[in-house]
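A.B. asks: test case, fold it:
(one chain, ligands or ions: 1)
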Amino acid sequence: MDFSTTLKRFGVEQLIRYLHKDPEKNMLRLMDWADKFAKGEFVSQRKLIREAISNPAHPYYPFVRRLFTDLDEGVMQAMAANFFINAALVGWPKQEEMRQKYGCNIPWTILLDPTSACNLHCTGCWAAEYGNKLNLTFDEIDNIIQQGKALGIYMYIYTGGEPLVRKKDIIRLCEKHSDCVFLCFTNATLIDEAFADEMLRVKNFVPAISLEGFEDATDSRRGTGVYQKVIDAIGLLRRKKLLYGISACYTSANFDSITSEAFFDKLIELGVYFIWYFHYMPVGNDASPALLPTPEQRIETYRRIRKYRAEKPLFAMDFQNDAEFVDGCIAGGRRYLHINANGDVDPCVFVHYSDSNIREKTLLQALQSPMMMAYHDGQPFNENMLRPCPMLENPEKLRAMVNASGAHSTDLQSPESVEHLCAKCDQYAAHWKHPSEELWKENRAEREAQKAAEIREEPGA
Ligand code: SF4
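C.D. replies: From the prediction side, this is the model:
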């Protein structure tokens, strides 16, 4: 780490220490200072933050306070330094420089499957289809991270399989790469006291726990007793003052309960810091298109999550409906890619077609491969950000990319042809086209109204 990065990290650590001393007073002092220096910049953002920290009626007022009362100070320092300094201030410009230099996408994060093994047997889980007990070795993961850091990547996300089957290696990697953030999609059933203590020691590991909804929904897919184990793990993480979130997939069958206000409120009661919602993807030869949400269900999900986000103290992202915030599809290395437990480099965690394996190519060579370059050249796949995906909403684009690049299916148990996969999306895409155009128009009108209000608020406007 160079001197200026070390200095910035030190500054962030001091800042967190200062805020912790007296959050009430010092947050406001910091805002006064920010107002003085930012002058006419970021007016609406500063107004929002000031509201959240000073107005007890604001939905994020309790959320901000919890960061100081419920979160370990060392964890907060490590997260702030690794996320804001390394992954953002240092990593982002470096990625941009590498993009220019190599003429390809350079991601902000890498998703990795340390293993295809899992201790549960959830109904319809695509991870299980990769075959049992494929693993990336400790040295392979370490090597990927080293290559990643040379390109400016400081954020790593574990998927699987159940990554915590490899918890010893995962902690060693957190230790070895203490300047990175490690997020992990997990069923949480392997989180115990000893592991939580290790998380507290390394400080840079964040679980995103999978739930299907309440107890009945979770246990019927994941197995009897799993919901209670998740609740116990959350209790443990909360007692240890660790950071944790939820990952939830909505389908035509569960969308109503998993996006209900009661479920959202339950997560707030459990002290959850964030929830990532994913739209069901019909990936795999046995995946059922009947589980795809209808247009009405997707619109309802869009409205509910935006409403909760504005009104409730829990940070929520809806990946398929929030593409406008990241300018469309982020896969193919544009902001992320996926490496499975066999080393295959997929453009997306849902798109299992590849022409590269990390055991045969460097990360950079994989990013320059025909399949990744097809993503690079094709993005964004649609101007309407409610239709971002080359598979789900624009299946003709994935067909074309796979056929032109010669990428093969990386599903090791039951390779699925791109034609078979895309045929399941054709009808969905056709049905979603018109409603999504209407919703996008409505969204645009709202954004324009908001922008006009911000201009009116700017001093001197
Ligand atoms: S390929 Fe589709 S699912 Fe994957 S990131 Fe892009 S839009 Fe999302």
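A.B. asks: which non-adjacent residue is nearest the residue in the stretch 151-300 of the chain positioned nearest to the ligand?
C.D. replies: When scored by CB to the nearest ligand atom, the stretch 151-300 of the chain has Met281 as its residue closest to the ligand, at 6.4 Å. C-beta: built from backbone N, CA, C; applies to glycine. Spatial nearest neighbour of Met281, excluding adjacent residues (CB to CB, 6 or more residues apart in numbering): Phe350 at 4.4 Å.
A.B. asks: for the residue of the stretch 151-300 of the chain closest to the ligand, helix, strand, or coil?
C.D. replies: coil (DSSP: H, G, I helix; E, B strand; the rest coil).
A.B. asks: quick check: the residue nearest to Met281 touching Tyr280?
C.D. replies: No - counting by CB atoms under 8 Å, Phe350 sits too far from Tyr280 to count as a contact (9.9 Å).
A.B. asks: more neighbours, those two?
C.D. replies: Tyr280 (22 against 19; other CB atoms under 10 Å).
A.B. asks: ok, the nearest residue to that one once chain neighbours are set aside - contacts?
C.D. replies: Residue nearest to Tyr280 in three dimensions, not counting chain neighbours: Thr251, with 4.1 Å by CB to CB, 6+ apart. Thr251 makes contact with Tyr280, Leu291, Leu292, Pro293, according to CB atoms under 8 Å, 6 or more residues apart in numbering.
A.B. asks: contact partners for the last one?
C.D. replies: Applying CB under 8 Å, 6+ apart to Pro293 gives the contacts Tyr250, Thr251, Ser252, Phe255, His279, Tyr280, Thr301.
A.B. asks: whatever residue of the stretch 101-250 of the chain ends up closest to the ligand: how many residues sit nearby?
C.D. replies: Sorted by distance to the ligand under CB to the nearest ligand atom, the residues of the stretch 101-250 of the chain start with Leu111, at 10.2 Å. Using other CB under 10 Å, Leu111 is surrounded by 21 other residues.
A.B. asks: assign it to helix, strand or coil.
C.D. replies: Put simply, Leu111 is strand when judged by three-state DSSP.
A.B. asks: also Ile209?
C.D. replies: Following three-state DSSP, the label given to Ile209 is strand.
A.B. asks: dump the residue contacts of it.
C.D. replies: Ile209 makes contact with Thr186, Asn187, Ala188, Val230, Ala233, Ile234, Tyr244, Gly245, Ile246, Ser247, according to CB under 8 Å, 6+ apart.
A.B. asks: can you check Leu30 too?
C.D. replies: Taking CB under 8 Å, 6+ apart, we find Leu30 in contact with Leu15, Leu19.
A.B. asks: got phi/psi on it?
C.D. replies: phi -60, psi -40 (degrees, to the nearest 10).
A.B. asks: do the same with Thr186
C.D. replies: Dihedral angles (degrees, to the nearest 10) for Thr186: phi -150, psi 150.
A.B. asks: in this structure it contacts Ala208, no?
C.D. replies: Yes - counting by CB under 8 Å, Thr186 touches Ala208, with 7.1 Å between them.
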